[in-house]
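In: heads up, no residue letters with this:
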């Protein structure tokens, strides 16, 4: 579970006035500040492990979600970045955490988010000639199940 | 005279017993040495994350069984924990104890496959058979509770589906008595101490502590590199703080350490199950959860320590009876992301051994 470390969040907020920290501890970061913010988390706050990276389509916009944590400790953050749905671009985290590699490929494959600077952004689960991105809300599919 | 030969490409899988399911890897070889590798997952992709957007919260549970189908209980747990966090549901203590018992049994069953298949991939099929013999014991226990050998769907949002019986407790205690002497010791005799097995796994595909962290590896694969990151200890969930157990870590980060941690973790799981049975509290096994369950609008991410590593589940609610978005952070998928790098420079026979030491399951990799 996201550890609600108030002191840590206050320290982060003091160093990064651009970010917004919600009451439940979730951190909203503007996309143009993302790389600086993440680098600072890794280099100066010890967040050496990116456990999860995913995205959601909200029809008007999309969000990319990151959960960095500190190995051998309880700390984990929940970072939300809002991006444009028609031009879904966000900087790749691979230079900061190598573990982002396959996770970003998966998000690209299923939601069509482009991670700029990714070393090898290809589909990973679907065929390379697959059309569309299934986890987008306007993707047409049949459920094969009685309603 | 220059005898250098051309490199060539070899396609391994997707249909090959030693790829543990339908996994394909394209190897570029110079003789028998791997120069380059490209993993191609996705052959078992069923689109579970998409399917569950059209299911109610409770209906998602059976789909989680089909992620890591060797440790279904732990998959159930990751999902219900995330939903409970999103909706703020308090789970009764007895239900938490039952979750720990069945979860740790599932972990042992999964580790038995890891140990057995590693032996068989290195040519020792005997080790495989003995692990399957003992795993059957656990599957019988879990079938007694859930009616199913592998796809349990046993956990519920707010608790568990049924209470454990005296018969289950008695049989589980029998297993705890039986397993260390007749199971683990035999594995050590057959596999761990085997000279060929050690020669094929020690100092092979070493992953440093820094690399393991950078690549977000988790589970025994991460701990083999000396990182004591086990969520049951570092970020305890459920009732794990009630139990006394150790987190074994490796020293070398090689295939042997990755293998041997599974053996050591089975011993720790037995300790946890025994303590949970001794201190099992009375009380209800389900919290009050409405049949027409609708979590408040918002999102939550929760993680459990599964047998393969960190299973994270991200759930977004739009306030209806169906989840708006579900994402599974599957440990096998992310661990496999480092495979191409690990096998470079090793022989083709080592490829199989290294893959076995990663202990992947394709239902989870491909989701």
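Out: Sure thing, it's come through. This one's a predicted model, so the numbers in the text were calculated from it and none came from an experiment.
In: how far away is the residue nearest to residue A:40 when sequence neighbours are not counted from chain B?
Out: Leaving aside its sequence neighbours, residue A:40 sits nearest to residue A:15 (CB to CB, 6 or more residues apart in numbering or on different chains; 6.7 Å). C-beta here means a position set from N, CA and C on the backbone, and glycine is covered the same way. Plainly put, residue A:15 is 23 Å away from chain B if you go by CB to the nearest CB, to the nearest Å.
In: Okay, residue B:201 and chain A: tell me how far apart.
Out: 24 Å.
In: give me the number of residues near that residue?
Out: 26 (other CB atoms under 10 Å in any protein chain shown).
In: which residues of chain A fall in strands?
Out: Applying DSSP state E to chain A gives strands spanning A:20-21, A:27-28, A:49-57, A:61-69, A:79-84, A:89-91, A:114-116.
In: what about the helices in chain A?
Out: A:6-15, A:34-45, A:100-111 (DSSP state H).
In: Deepest-packed of these, please.
Out: Burial of the helices of chain A is given as mean neighbour count (mean count of other CB atoms under 10 Å in any protein chain shown); helix A:100-111 ranks first at a mean of 25.
In: quick one, what contacts the residue lying closest to residue B:20 once chain neighbours are set aside?
Out: Counting by CB to CB, 6+ apart, residue B:20 lies nearest to residue B:360, which is 5.9 Å off, once chain neighbours are set aside. Counting by CB atoms under 8 Å, 6 or more residues apart in numbering or on different chains, residue B:360 makes contact with B:20-21, B:23, B:308, B:332, B:335-336.
In: three-state assignment of residue B:360?
Out: coil (DSSP: H, G, I helix; E, B strand; the rest coil).
In: May I have the phi/psi pair for it?
Out: phi -90, psi 160 (degrees, to the nearest 10).
In: What of residue B:347?
Out: According to degrees, to the nearest 10, residue B:347 has phi -80, psi 160.
In: For chain A, see how far away the residue found closest to it once you drop the neighbours it is linked to in the chain is.
Out: Spatial nearest neighbour of residue B:347, chain neighbours left out: residue B:32 (4.9 Å); criterion: CB to CB, 6+ apart. Applying CB to the nearest CB, the value for residue B:32 to chain A is 26 Å.
In: and the gap between the residue nearest to residue B:20 and chain A?
Out: 12 Å.
In: Going by proximity to chain B, name the top residue of chain A.
Out: residue A:99 (2.5 Å; CB to the nearest CB).
In: For that residue, which non-adjacent residue is spatially closest?
Out: residue B:216 (2.5 Å).
In: Could you point out the member of the contacts of residue B:360 that lies closest to chain A?
Out: For those, the nearest to chain A is residue B:336 (7.6 Å; CB to the nearest CB).
In: Show the pLDDT at that closest one.
Out: Predicted confidence (pLDDT) for residue B:336: 94.
In: thinking again about what came up before, could you dump the helices of chain A to TSV with mean pLDDT?
Out: Listed next are the helices of chain A as TSV, based on pLDDT from 0 to 100:
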stretch	mean pLDDT
helix A:6-15	88
helix A:34-45	94
helix A:100-111	95
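In: returning to that earlier point: now that we have the strands of chain A, can you turn them into a markdown table and tack on mean pLDDT, distance to residue B:191 and mean neighbour count?
Out: Shown next, in a markdown table, are those (pLDDT from 0 to 100; distance: least, CB to CB, whole Å; neighbours: other CB atoms under 10 Å in any protein chain shown):
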| stretch | mean pLDDT | distance to residue B:191 | mean neighbour count |
| --- | --- | --- | --- |
| strand A:20-21 | 90 | 50 | 15 |
| strand A:27-28 | 94 | 46 | 18 |
| strand A:49-57 | 95 | 31 | 25 |
| strand A:61-69 | 95 | 34 | 22 |
| strand A:79-84 | 95 | 43 | 17 |
| strand A:89-91 | 95 | 46 | 17 |
| strand A:114-116 | 95 | 42 | 16 |
